[in-house]
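*Asks:* Predicted coordinates and the sequence they were generated for:
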Amino acid sequence: MESADETNTKLNGKSPSPVRSTRPKRSVRLTVKPKCFRCDKCKCEFSDQTNLDYHVSIHATDKPFHCETCQLLFSKRASLKAHVRTHSAAASAAKKKVFKCDNCGSKFTTSSHLKRHTRTHTGEKPFVCDVCGSKFTQNSHLKSHARKHTTDKLFACKNCPSKFSRGSDLKAHVRSHVVEKTLKCDSCDAKFSKKSHLVRHKRKHSGERPFHCDQCAAAFPENYMLKRHMRRHSGEKLFHCDICGSKFLEKLYLKRHMYTHSTEKPFHCDTCGSNFSQKIYLKSHMLVHNGEKRYQCEMCDSKFLRRQHLTIHIRKHTGERPHQCTICLSKFLTSSNLKTHLRTHTGEKPYHCDTCGSNFSENSTLKDHMRTHTGEKPFWCSICGSSFIKNSNLKSHMRKHTGEKPFHCNICASDFSQSSSLKKHMQTHLNKYQPL
């Protein structure tokens, strides 16, 4: 005989609902395998032989598999395949940048990339070092920084006893050891130890630029150049000064900036005795003594050593002031003038005198101030031999010899050699109209 449930199933055409078991579910327990497999070269440990074998390939010098797009070399075919997917993924991702920044209009493929980029506008640094308190915009930057505090140096050099806490430091160190260069360039006498280095070098002769910017027409021979260029579109400034908070696109710019906080000037001009904090500044200064002024203004007879100086000079003729203050709407010839002006609103004085503790909004003002402590007076009058701390003081003094009076009174047409004399004179006009 059929049961009642079977009869109902035939009449309704539906199978009976399954009966859920009332037995309690077994909890899943994860067992952490001990790391018994150790790498002989860097002492990293792994839980099985497979992971160790894959890791050992990192240290391999023989890399027969190369990427046809960017010429990077790999020791395993699987690593090459994984790398090739990054090119195809990057190409498809460029077409699907749906997350847009409200501040600058940059677009990103994921919300996490947009969130990370937004911190360049807000200044947010949520990742804090527990040891020294340094803050970072990205967790990866914090991890890289944290290795500075650790005493564990897992990356050992095979050529000498040196050890390093970061793989990038080891790579940079290895270059210091002389490696036989057997690969020769067909176009010049340059030689290289790696095929990838030779391939990159050949692009200098061929002009090949395989790395293209998807936001403009720029193209580059190296991938790192493209990455550096992309920061100009995104506005991302990864390198910041711990003293004054200034941010920079490149590490080199930050390194140059740090000299502005130092009083050390090891580079000396043998012609005039001026000292400079960087060699590049000394080279630039030497043009003043022996450089030809090739850039001439078409509106006047002024000549300049550099094109950018001519560009700024022309703005004085045209009246163009492209850099505007968002607070008071004042306009300026250069971005550096605007940056200095903004400190009048913020009250920021990042330049500090170590001798007396005074703070200044401009580095040039600090330099002038430091001479009050050292007694240095580098600006000399060629007529009477008087010396001065500041160049502006020398110019003011020279008017006594030349008789020049560039400051004019708009009321009585009197002329003066000093602006302070004009101000005192203007007070005599004001006193005439004051009530008794």
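*Replies:* Here it is on my side, so go on.
*Asks:* now the stretch 301-436 of the chain, which segments are flagged as low pLDDT?
*Replies:* Along the stretch 301-436 of the chain, the parts satisfying pLDDT under 70 run over 432-436.
*Asks:* Now do the strands in it.
*Replies:* Using DSSP state E, counting those that start in this stretch, the strands of the stretch 301-436 of the chain run over residues 303-304, 323-324, 331-332, 351-352, 359-360, 379-380, 387-388, 407-408, 415-416.
*Asks:* any idea how far the nearest residue to His373 once chain neighbours are set aside is from His369?
*Replies:* Using CB to CB, 6 or more residues apart in numbering and skipping the chain neighbours, the partner closest in space to His373 is Thr355 (4.8 Å). C-betas here are computed from N, CA, C, even on glycine. To His369, Thr355 is 9 Å away according to CB to CB, to the nearest Å.
*Asks:* Ser358 too?
*Replies:* From Ser358 to His369 the distance is 6 Å (CB to CB).
*Asks:* Excluding sequence neighbours, find me the nearest residue to Arg256.
*Replies:* Arg256's closest residue in space is Gln278 (CB to CB, 6+ apart), at 6.2 Å.
*Asks:* what residues are up against that neighbour?
*Replies:* Neighbouring residues of Gln278 by CB atoms under 8 Å, 6 or more residues apart in numbering: Arg256, Tyr259, Phe267.
*Asks:* circling back: quick one: which of Thr355 and His369 has more around it?
*Replies:* Neighbour totals were compared for Thr355 and His369, and His369 leads with 17 against 12 (other CB atoms under 10 Å).
*Asks:* Against Asn363, how distant is that one?
*Replies:* 10 Å.
*Asks:* again with His261
*Replies:* Taking CB to CB, one finds His261 at 9 Å from Asn363.
*Asks:* residues shared between the contacts of those two?
*Replies:* In contact with both His261 and Asn363: Tyr351, using CB under 8 Å, 6+ apart.
*Asks:* Which strand residues bridge the closest residue to Arg306 other than its chain neighbours?
*Replies:* Among residues not flanking Arg306 along the chain, Tyr295 sits closest, at 6.8 Å (CB to CB, 6+ apart). Bridge pairing for Tyr295 (DSSP bridges) gives the partners Phe304.
*Asks:* Would you mind listing the residues in contact with Tyr295?
*Replies:* Tyr295 touches Lys303, Phe304, Leu305, Arg306, Arg307, His309, Leu310, counting by CB under 8 Å, 6+ apart.
*Asks:* now do 6 Å
*Replies:* Phe304, Arg307, Leu310 (CB atoms under 6 Å, 6 or more residues apart in numbering).
*Asks:* Out of those residues, which end up buried?
*Replies:* Neighbour-count burial (16 or more other CB atoms under 10 Å) is assigned, among the contacts of Tyr295, to Phe304, Leu310.
*Asks:* okay, the contacts of Tyr295 in CSV with distance to Val98 next?
*Replies:* Below are those laid out as CSV (distance: CB to CB, whole Å):
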residue, distance to Val98
Phe304, 47
Arg307, 41
Leu310, 44
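*Asks:* What is the nearest of the contacts of Tyr295 to Asp415?
*Replies:* Set against Asp415, the nearest of the contacts of Tyr295 by CB to CB is Phe304 (30.3 Å).
*Asks:* The closest one reaches Leu310, doesn't it?
*Replies:* Yes - here Phe304 reaches Leu310: they are 4.5 Å apart, a contact under CB atoms under 6 Å.
*Asks:* What pLDDT is listed against Ala94?
*Replies:* What the model reports for Ala94 is a pLDDT of 51.
*Asks:* Revised request: answer the last question for Cys185.
*Replies:* Looking at Cys185, its pLDDT is 90.
*Asks:* which ones are touching it?
*Replies:* His201.
*Asks:* try 10 Å this time
*Replies:* For Cys185, the contact set (CB atoms under 10 Å, 6 or more residues apart in numbering) comprises Lys191, Phe192, Leu198, His201, Lys202, Lys204, His205.
*Asks:* Which secondary structure element is home to the fourth one?
*Replies:* This points to His201. helix 195-206 (DSSP states H and E).
*Asks:* Identify all contacting residues around that helix.
*Replies:* Counting contacts by CB under 10 Å, 6+ apart, the residues touching helix 195-206 from outside are 63-64, 66-67, 70-73, 181, 183-188, 190-192, 194, 208-210, 220-223.
*Asks:* Which of the residues you listed fall within helices?
*Replies:* In helices, defined here by DSSP state H, the members of the contacts of helix 195-206 are Asn223.
*Asks:* Which among the contacts of helix 195-206 count as buried?
*Replies:* Lys63, His66, Cys70, Gln71, Leu72, Leu73, Leu183, Phe192, Phe220, Pro221.
*Asks:* In a markdown table, list these along with distance to Ser386.
*Replies:* Putting the buried ones among the contacts of helix 195-206 into a markdown table (distance: CB to CB, whole Å) gives the following:
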| residue | distance to Ser386 |
| --- | --- |
| Lys63 | 69 |
| His66 | 70 |
| Cys70 | 64 |
| Gln71 | 65 |
| Leu72 | 65 |
| Leu73 | 67 |
| Leu183 | 65 |
| Phe192 | 60 |
| Phe220 | 54 |
| Pro221 | 56 |
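*Asks:* thought Leu114 was touching Thr120?
*Replies:* No - the pair Leu114 and Thr120 does not pass the contact test of CB atoms under 10 Å, sitting 11.1 Å apart.
*Asks:* what do these two both touch?
*Replies:* Cys101, Ser106.
*Asks:* Please, where are all the helices along the stretch 251-400 of the chain?
*Replies:* Using DSSP state H, counting those that start in this stretch, the helices of the stretch 251-400 of the chain run over 251-258, 279-290, 307-318, 335-346, 363-374, 391-402.
*Asks:* now the ones you listed as CSV including distance to His429?
*Replies:* Shown next, in CSV, are the helices of the stretch 251-400 of the chain (distance: least, CB to CB, whole Å):
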stretch, distance to His429
helix 251-258, 47
helix 279-290, 43
helix 307-318, 30
helix 335-346, 29
helix 363-374, 32
helix 391-402, 23
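*Asks:* Of the ones you listed, which is nearest Gly167?
*Replies:* Using CB to CB, the nearest of these to Gly167 is helix 251-258, at 17.9 Å.
*Asks:* by contact count, what packs against that closest one?
*Replies:* strand 239-240, strand 247-248 (3 or more CB pairs under 10 Å, 6 or more residues apart in numbering; DSSP states H and E).
*Asks:* And the nearest residue to Met286 once chain neighbours are set aside, how close does it get to Lys331?
*Replies:* Nearest residue to Met286, sequence neighbours excluded (CB to CB, 6+ apart): Cys269, at 6.9 Å. Distance of Cys269 to Lys331, computed by CB to CB: 35 Å.
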